[in-house]
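Asker: This is a predicted model, with the sequence first.
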Amino acid sequence: MLPTETTECTARIAVFSKPDDIHELADVLKEELGLHPSDAMHEAHLVPCVLTPRLTSANADRIATAIEQLGIRAEAVPSDELQAFDDLHTAHHVACRMSGLEILDLLGLPAELIPWDDLLVLSIGETPTESSHQQLNGEFTMLSSARPVHGVVTDTPAHTIELWIVYQHPERVYRLDGSKLNFESLCERKTNSTRINMRFLLQEIFRRTPHAHLTPAARQFLDQDQLPRFRSPEQLQSVTQLHLLMAHRLTS
């Protein structure tokens with residue numbers, strides 16, 4: 001198998017569009033990365049995104065060229081150009097104010113105000129729920145307060161809706177988990193549906209930040225009320241990484 005972790009400068013491969021034939025891309029990834037066929041297919045289904053493997057710069061350049069021969073735009077990107085999301089913050093209560101998005105603490109008191117002009121990317125999707133610590137590629141840890149109780153059957157949703165908000169000055173990421181989010185700021189618009197509440201919240205945020213870069217899933221949720229489902233939080237992360245990279249390049 002091609003080594004992906006080295007002491008040299010590492011890189012990742014950004015794939016900017018979907019292939020006409022997902023199997024062709026999977027075959028390239030299988031051959032070039034030495035992946036198991038099922039793992040190669042999983043990576044192929046992620047695109048457009050930043051692919052998971054970390055490579056030497058030379059290997060990343062070579063594989064990006066092989067992908068581009070399929071008619072797909074791809075690029076080797078140094079890892080230090082990508083947000084690692086190792087400073088991921090989970091918010092349970094937010095409110096849209098005139099001057100920005102206010103992050104509230106567990107008591108409902110103001111903790112931070114993010115100016116609307118500082119918001120860069122809005123990324124959303126359904127992901128599998130987590131019931132314990134989950135380490136994602138060594139980059140961040142998610143913690144759920146849920147504890148398994150032997151002999152007790154609980155009705156736990158299989159998926160949750162995650163909204164990732166990336167902003168600058170400094171660049172940080174807030175994660176909003178719909179299953180744990182306080183929607184009181186929606187006032188009379190608040191419903192008993194987490195999905196509807198999340199869409200209302202996303203609409204309100206985007207109304208105040210039309211400059212924000214929307215991922216395709218976020219655009220689809222806003223325009224068509226269709227919410228794509230991701231196979232894992234890692235997949236949502238890789239898509240967010242790609243669109244943050246694109247937002248940086250557009251603004252520069």
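Answerer: That came in fine, so what should we check first? Residues are numbered from 1 along each chain as shown.

Asker: May I ask you to confirm that residue 31 belongs to a helix?
Answerer: Yes. Counting by DSSP: H, G, I helix; E, B strand; the rest coil, residue 31 is located in a helix.

Asker: okay, now residue 194: neighbour count?
Answerer: Residue 194: 17 surrounding residues under other CB atoms under 10 Å. (Glycine included, C-beta is placed from N, CA and C.)

Asker: For it, which non-adjacent residue is closest in space?
Answerer: Nearest non-adjacent residue to residue 194, counting by CB to CB, 6 or more residues apart in numbering: residue 178, 4.5 Å away.

Asker: in the stretch 51-200 of the chain, which spans are helices?
Answerer: 57-68, 194-208 (DSSP state H, counting those that start in this stretch).

Asker: what mean pLDDT would you report for the last one?
Answerer: pLDDT averaged over helix 194-208 equals 97, rounded to a whole number.

Asker: cool, and stretch 98-114?
Answerer: The model assigns stretch 98-114 a mean pLDDT of 92.

Asker: Quote the end-to-end distance of it.
Answerer: Terminal residues of stretch 98-114 are spaced 11 Å apart (CA to CA, to the nearest Å).

Asker: Would you state the strands of this protein in chain order?
Answerer: Listed in chain order, the strands of the chain (DSSP state E) span 10-15, 49-50, 55-56, 74-78, 88-91, 94-96, 100-104, 110-115, 119-128, 134-136, 140-142, 159-167, 172-177, 213-214.

Asker: Mind putting the ones you listed into JSON lines with mean neighbour count and distance to residue 194?
Answerer: Below are the strands of the chain laid out as JSON lines (neighbours: other CB atoms under 10 Å; distance: least, CB to CB, whole Å):
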{"stretch": "strand 10-15", "mean neighbour count": "24", "distance to residue 194": "31"}
{"stretch": "strand 49-50", "mean neighbour count": "24", "distance to residue 194": "25"}
{"stretch": "strand 55-56", "mean neighbour count": "22", "distance to residue 194": "38"}
{"stretch": "strand 74-78", "mean neighbour count": "18", "distance to residue 194": "34"}
{"stretch": "strand 88-91", "mean neighbour count": "17", "distance to residue 194": "15"}
{"stretch": "strand 94-96", "mean neighbour count": "19", "distance to residue 194": "14"}
{"stretch": "strand 100-104", "mean neighbour count": "19", "distance to residue 194": "18"}
{"stretch": "strand 110-115", "mean neighbour count": "15", "distance to residue 194": "22"}
{"stretch": "strand 119-128", "mean neighbour count": "23", "distance to residue 194": "10"}
{"stretch": "strand 134-136", "mean neighbour count": "13", "distance to residue 194": "20"}
{"stretch": "strand 140-142", "mean neighbour count": "16", "distance to residue 194": "18"}
{"stretch": "strand 159-167", "mean neighbour count": "22", "distance to residue 194": "6"}
{"stretch": "strand 172-177", "mean neighbour count": "20", "distance to residue 194": "10"}
{"stretch": "strand 213-214", "mean neighbour count": "20", "distance to residue 194": "20"}
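
Asker: Can you say which of the helices of the stretch 51-200 of the chain is nearest to residue 114?
Answerer: Residue 114 lies closest to helix 194-208 among the helices of the stretch 51-200 of the chain, at 10.1 Å (CB to CB).

Asker: Distance check, residue 89 against residue 175.
Answerer: 7 Å (CB to CB, to the nearest Å).

Asker: do residue 222 as well
Answerer: 19 Å.

Asker: How about residue 108?
Answerer: 19 Å.

Asker: Near residue 193, how many other residues are there?
Answerer: Residue 193 - counted by other CB under 10 Å - has 12 other residues nearby.

Asker: just residue 192 next, same as before
Answerer: 6.

Asker: same thing with the one 10 residues further on?
Answerer: The burial count assigned to residue 202 is 20, neighbours taken as other CB under 10 Å.

Asker: Can you verify my assumption that it contacts residue 101?
Answerer: No. Between residue 202 and residue 101 there is no contact under CB atoms under 8 Å: 11.7 Å.
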